[in-house]
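Asker: Take a look and give me a structure for this.
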Amino acid sequence: MRAGRTSSAIGVVLALSLLAAACGDDGNGVDPEESVASPETPPTETPPDGEEGPDVLEEAAPLRQVAPEGFKIGTAVAGGGHHENQPVPDPFNTDEEYRELVGQEFNSVTPENHLKWEMVHPEQGEYDFERADEIVAYAQDHDQVVRGHTLVWHSQNPGWLEAGDFTSEELREILRDHIHTVVGRYKGQIQQWDVANEIFDDNATWRDSVWYDALGPDYVADALRWAHEADPDAQLFLNDYNVEGINAKSTAWYELIQDLLADDVPVHGFGIQGHLSIEFAFPGNVQANLERFDALGLETAITEVDVRMVLPDDGVPTEQQLQRQASDFGRLLEACLAVEGCDSFTVWGFADQYSWVPVFFPGEGAANLMDEDFTRKPAYDELQRLLAEQRSGAS
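Answerer: Alright, predicted model coming up:
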């Protein structure tokens, strides 16, 4: 959807009773980690995205239902990685309420860890697609698109890859085979791929990795070409954190993409992750940053949004913290909605109990749209309001 957007305020009655009104008797959870059969969950019966059912706004509709036509509001599907050591390692197959909300609230999903090397390619020459297959099948049943994350990264690689004594040519062939195998398996089923993820350090220099150290910077162009060979119709994205505004790191990406385009390398989009903290100022120039990538002819997307905070001693966020969080979520969405090629906004999980934040930032948390009992926070309400206003203004 690359059409101009306008905004017009409308009154939206927000209700925290959305779960009771829309979930029905069944619920489901997300986070495929172990080899567990995926429960069959019928698609949520809601009006098509972007269309009003009876009293859509009056009854506080799910996010996907109030979103503008063609706009993707997504979530990461929890599983793998840090979840392996959590009390509920596989909520996608065990937490029914979570699982149902994934389909009810969102029209786009991103496997959080299931397509990273350590899960999908755990041994040399061996692939494990079970968990990723479940998510893709669920998405198809619930009229959702899928973002594939990620084909090349410095982190969460299996030991055989990191410790292997490979020549440069051997490593290049391993990467080519991985991309052809993974992208080829989901040809026509995964609409967007984060091909290369976090290739620059925060000082805007190339990050050391098994890929860069052996293959040099050309591995990015190679990965894009191989992904395009495997699925010519998939949109190929580059993705990173701390690139929300115009800064040295986002400029390094901008200059690299200019070079890639000049060399006819198939790159179609740039993803801004959006991992924020209320302990810091909101990034400046987010819209202007998106616009400069848009001007290159790229799609843009906000791909991994959460807004963490230092929790009080009782672990309960203050109202002031929740309002600041809502503002940050809203400002990111507003920037995306204002740019004609930004058609996708993905939160990195929506329920606090499954967030990665407390594991990696001790003492911080409450980073998502819903708390641990799926109560909607002000941040959820703010996204709902902005999406509904944008849809009304575009209609």
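
Asker: going forward, measure contacts and count neighbours with C-alpha atoms only.
Answerer: Noted.

Asker: which residue ranges form the helices in the stretch 101-250 of the chain?
Answerer: If DSSP state H, counting those that start in this stretch is used as the criterion, the helices of the stretch 101-250 of the chain fall at 117-120, 130-141, 159-162, 168-185, 210-215, 218-230, 248-262.

Asker: and Lys377, which of those helices is closest to it?
Answerer: Closest to Lys377 of the helices of the stretch 101-250 of the chain is helix 130-141 (CA to CA; 25.2 Å).

Asker: now for the closest one, which elements pack on it?
Answerer: Under the contact definition 3 or more CA pairs under 8 Å, 6 or more residues apart in numbering; DSSP states H and E, helix 130-141 sits against strand 108-111, strand 145-152.

Asker: How far off centre is it?
Answerer: Remark: helix 130-141 is offset 16 Å from the chain centroid, using CA atoms, centre = their mean, to the nearest Å.

Asker: and the helices of the stretch 101-250 of the chain, which is most packed in?
Answerer: Among the helices of the stretch 101-250 of the chain, the stretch with the highest mean neighbour count (mean count of other CA atoms under 10 Å) is helix 117-120, at a mean of 22.

Asker: In JSON lines: the helices of the stretch 101-250 of the chain, plus distance to Glu97 and mean pLDDT.
Answerer: Formatted as JSON lines, these follow (distance: least, CA to CA, whole Å; pLDDT from 0 to 100):
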{"stretch": "helix 117-120", "distance to Glu97": "25", "mean pLDDT": "97"}
{"stretch": "helix 130-141", "distance to Glu97": "15", "mean pLDDT": "98"}
{"stretch": "helix 159-162", "distance to Glu97": "35", "mean pLDDT": "98"}
{"stretch": "helix 168-185", "distance to Glu97": "30", "mean pLDDT": "98"}
{"stretch": "helix 210-215", "distance to Glu97": "40", "mean pLDDT": "98"}
{"stretch": "helix 218-230", "distance to Glu97": "35", "mean pLDDT": "98"}
{"stretch": "helix 248-262", "distance to Glu97": "38", "mean pLDDT": "98"}
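
Asker: Glu69: which of the ones you listed is closest?
Answerer: helix 130-141 (18.1 Å).

Asker: could you turn the closest one into PDB, dropping everything but the C-alphas?
Answerer: Taking C-alpha atoms only, helix 130-141 is exported to PDB below (Å, rounded to 0.1, in the frame of the first residue of the first chain):
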ATOM      1  CA  GLU A 130       8.300 -28.000  13.000                       C
ATOM      2  CA  ARG A 131       7.800 -25.000  15.100                       C
ATOM      3  CA  ALA A 132       7.900 -22.500  12.200                       C
ATOM      4  CA  ASP A 133       5.500 -24.700  10.200                       C
ATOM      5  CA  GLU A 134       3.000 -24.400  13.000                       C
ATOM      6  CA  ILE A 135       3.100 -20.600  13.000                       C
ATOM      7  CA  VAL A 136       2.800 -20.400   9.200                       C
ATOM      8  CA  ALA A 137      -0.200 -22.800   9.200                       C
ATOM      9  CA  TYR A 138      -1.800 -20.800  12.000                       C
ATOM     10  CA  ALA A 139      -1.300 -17.600  10.100                       C
ATOM     11  CA  GLN A 140      -2.900 -19.100   7.000                       C
ATOM     12  CA  ASP A 141      -5.900 -20.200   9.100                       C
END
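
Asker: Start the count at 31 instead of 1 going forward.
Answerer: Taking 31 as the first residue, the last one we looked at is helix 160-171.

Asker: List the contacts of the top strand by length along the chain.
Answerer: Using DSSP state E to define each element, the chain has its longest strand at strand 329-340. With CA atoms under 8 Å, 6 or more residues apart in numbering as the test, strand 329-340 has contacts from 106, 269, 298-309, 320, 323-324, 351, 355, 358-359, 362, 366, 371-379, 387, 393-398.

Asker: Mark which of the residues you listed are buried, thanks.
Answerer: Those of the contacts of strand 329-340 that meet the buried threshold are 106, 269, 298-308, 320, 323-324, 351, 355, 358-359, 362, 366, 371-379, 387, 394-398, by 16 or more other CA atoms under 10 Å.

Asker: hang on, the earlier thing: from the contacts of strand 329-340, which land in strands?
Answerer: Per DSSP E, the subset of the contacts of strand 329-340 in strands is 106, 269, 299-302, 305-307, 372-377, 394-395.

Asker: The residue lying closest to Val297 once chain neighbours are set aside: how many residues sit nearby?
Answerer: Closest residue to Val297 apart from its sequence neighbours, by CA to CA, 6 or more residues apart in numbering: Leu266 at 5.4 Å. The burial count assigned to Leu266 is 28, neighbours taken as other CA atoms under 10 Å.

Asker: show me the residues around Leu266 that make contact.
Answerer: Gln222, Trp223, Asp224, Val225, Leu254, Ala257, His258, Pro296, Val297, His298, Gly299.

Asker: let's go with 6 Å and repeat that
Answerer: Applying CA atoms under 6 Å, 6 or more residues apart in numbering, we find Leu266 in contact with Gln222, Trp223, Val297, His298.

Asker: ok, what's across the strand from it?
Answerer: Trp223 (DSSP bridges).

Asker: Relative to Ile220, how far out is it?
Answerer: According to CA to CA, to the nearest Å, Leu266 stands 11 Å off from Ile220.

Asker: what do you get for Ala90?
Answerer: Taking CA to CA, one finds Ala90 at 30 Å from Ile220.

Asker: could you dump the helices of the stretch 131-280 of the chain to CSV with distance to Arg177?
Answerer: Converted to CSV, the helices of the stretch 131-280 of the chain look like this (distance: least, CA to CA, whole Å):
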stretch, distance to Arg177
helix 147-150, 15
helix 160-171, 10
helix 189-192, 24
helix 198-215, 11
helix 240-245, 23
helix 248-260, 14
helix 278-292, 20
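
Asker: So which of these is nearest Asp125?
Answerer: Among the helices of the stretch 131-280 of the chain, helix 160-171 sits nearest to Asp125 (CA to CA), with 14.6 Å.

Asker: quick one: Gly111 and Gly275, what's the gap?
Answerer: From Gly111 across to Gly275, the span is 28 Å (CA to CA).

Asker: actually His208, not the one I typed
Answerer: To Gly275, His208 is 33 Å away according to CA to CA.
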